[in-house]
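Visitor: sharing a model prediction with you, sequence too.
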Amino acid sequence: MGKDVIIACDFPNAEKTLAFLDLFQGRKPFVKIGMELFYGAGPDIVRQIKARGHRIFLDLKLHDIPNTVKKAMTVLRDLDVDICNLHAAGTIPMMEAALEGLTRPDGSRPLLIAVTQLTSTDQEALERDLLIEKPMDQVVMHYAMNARKAGLDGVVCSPLEAGKVHEICGADFLTVTPGVRFADGDAGDQKRVMTPAEAKRVGSDYIVVGRPITAAADPVAAYERCMKDFTGEE
Ligand code: C5P
């Protein structure tokens, strides 16, 4: 899998999402479907976007007992998406069960990546709410190693952590990074941001970009600018 830009399709319904994708005419960007769209539009939106020829990252962040996650992953595998995810906090047995559930009888499966710590959790919340007293950086790298041990393909992380994740877990362990903004853009609620060119430099494999593309006056131009800065492709 080469470097690519994944557009976060954070829309409330199928109509808005498909109208947005229509703007791209012949192009088929890699898209991310999150909880809002999946719960609002149902699994059929995944089938519709897949039928249009897009690759899909289904960002549902599963976290439950191993048996429940395994069964849910078996349902998701039949949607034929490219990437699924879960919370590494569910522990190694949960991640192993997820992989089992996701694997088809012929041995093929979507890629499976783990959320380490959400970027909305800071050191204070880690200590106060979760009673985790280690530094955030150490917690993120430990969770990434757990994901690797369980046999997962990579993690979702901040671009600021991508280089270190590769150092610790190997160059082939995927880093999928949100928190990307153009240098002249609005950061919004993202606190620690990088430009597409910086994310490329630190070794992110995929960048997840939402509002800088979805809310742009010209989303196709914004996507093309992102692709050019991140992959070098026009
Ligand atoms: O609009 P924006 O570019 O901020 O969108 C980023 C996307 O990545 C959103 O769908 C958000 O939920 C997701 N995300 C994130 N930070 C994480 C995990 C996921 O921003 N740690």
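Guide: Structure's in. What do you need? Numbers count the residues shown, from 1 in each chain.

Visitor: send me stretch 225-234 as CSV with only the CA atoms.
Guide: Extracted in CSV, the C-alpha atoms of stretch 225-234 (Å, rounded to 0.1, in the frame of the first residue of the first chain):
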residue,chain,number,x,y,z
ARG,A,225,-3.4,20.1,-3.2
CYS,A,226,-3.2,17.6,-0.4
MET,A,227,-2.3,14.7,-2.7
LYS,A,228,0.4,16.8,-4.4
ASP,A,229,1.9,17.9,-1.1
PHE,A,230,1.7,14.4,0.5
THR,A,231,2.4,12.0,-2.3
GLY,A,232,4.1,14.2,-4.9
GLU,A,233,1.4,13.1,-7.4
GLU,A,234,-0.7,15.6,-9.3
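
Visitor: around the ligand, which positions in the protein sit nearby?
Guide: 8, 10, 34, 118-119, 156, 178-179, 190, 208-212 (CB under 6 Å from any ligand atom). Backbone N, C-alpha and C define where each C-beta goes, glycine included.

Visitor: looking at these, spot the one nearest residue 66.
Guide: Distance ranking of those against residue 66, using CB to CB, places residue 156 first at 20.4 Å.

Visitor: count of neighbours near that closest one?
Guide: Other residues lying near residue 156 total 24 when counted by other CB atoms under 10 Å.

Visitor: so what's it bridging to?
Guide: residue 115, residue 176 (DSSP bridges).

Visitor: in the chain, which strand has the most residues?
Guide: strand 56-62 (DSSP state E).

Visitor: which residues are in contact with that strand?
Guide: By CB atoms under 8 Å, 6 or more residues apart in numbering, the residues outside strand 56-62 that reach it are 6, 8, 30-35, 38, 46, 49-50, 69, 72-73, 76, 79, 81-87, 90, 98, 110, 115, 176, 206, 208.

Visitor: kindly recompute the last result at 7 Å.
Guide: Residues from elsewhere that reach strand 56-62 (CB atoms under 7 Å, 6 or more residues apart in numbering): 6, 30-35, 38, 46, 49-50, 69, 72, 76, 79, 81-87, 98, 115.
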